[in-house]
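Novice: here you go, sequence then predicted model.
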Amino acid sequence: MNKKFLNEQTETVFIPKESKHDDALYVAVNGRRMLVKKGEPVALPKPFAAVVLSSQRMKTAADSYIDEMSREGLT
């Protein structure tokens, strides 16, 4: 982790890879940014972890909605 984030509380997150060459995710919070490694657990400052976890929840919700609409023949 970058030295400027060392004194912050952290939370461990796992970001799965979508493909073989999908190695990192760019995350920005209030003008601060970092590149987060995918495919292994990573300790992130809590604000960054919150953004990543929220994004994962929204992707799951969107995928569920698309699946439901597909089963009903609405897409």
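Specialist: Everything's here; your move.
Novice: any idea how far the spatially most central residue of the chain is from Ser70?
Specialist: Closest to where the C-alpha atoms of the chain average out (C-alpha atoms, centre = their mean) is Val52, at 3.1 Å. Distance of Val52 to Ser70, computed by C-beta to C-beta, to the nearest Å: 27 Å. For the C-beta atoms, the positions are set from N, CA and C on the backbone; glycine is no exception.
Novice: gap between the closest residue in space to Gln9 that isn't next to it in sequence and Glu8?
Specialist: Counting by C-beta to C-beta, 6 or more residues apart in numbering, Gln9 lies nearest to Lys46, which is 5.2 Å off, once chain neighbours are set aside. Taking C-beta to C-beta as the measure, Lys46 and Glu8 are separated by 7 Å.
Novice: what ranges do the strands span in this protein?
Specialist: Listed in chain order, the strands of the chain (DSSP state E) span 10-14, 24-29, 32-37, 41-45.
Novice: what angle sits between the third one and strand 24-29?
Specialist: Just to be clear, that refers to strand 32-37. 160 degrees (axes from the mean of the first three to the mean of the last three C-alpha atoms, to 10 degrees).
Novice: what mean pLDDT does strand 32-37 have?
Specialist: Model confidence over strand 32-37, given as mean pLDDT, is 96.
Novice: thinking again about what came up before, so who does the residue nearest to the centre of the chain touch?
Specialist: 13, 15, 25, 27, 36, 44 (C-beta atoms under 8 Å, 6 or more residues apart in numbering).
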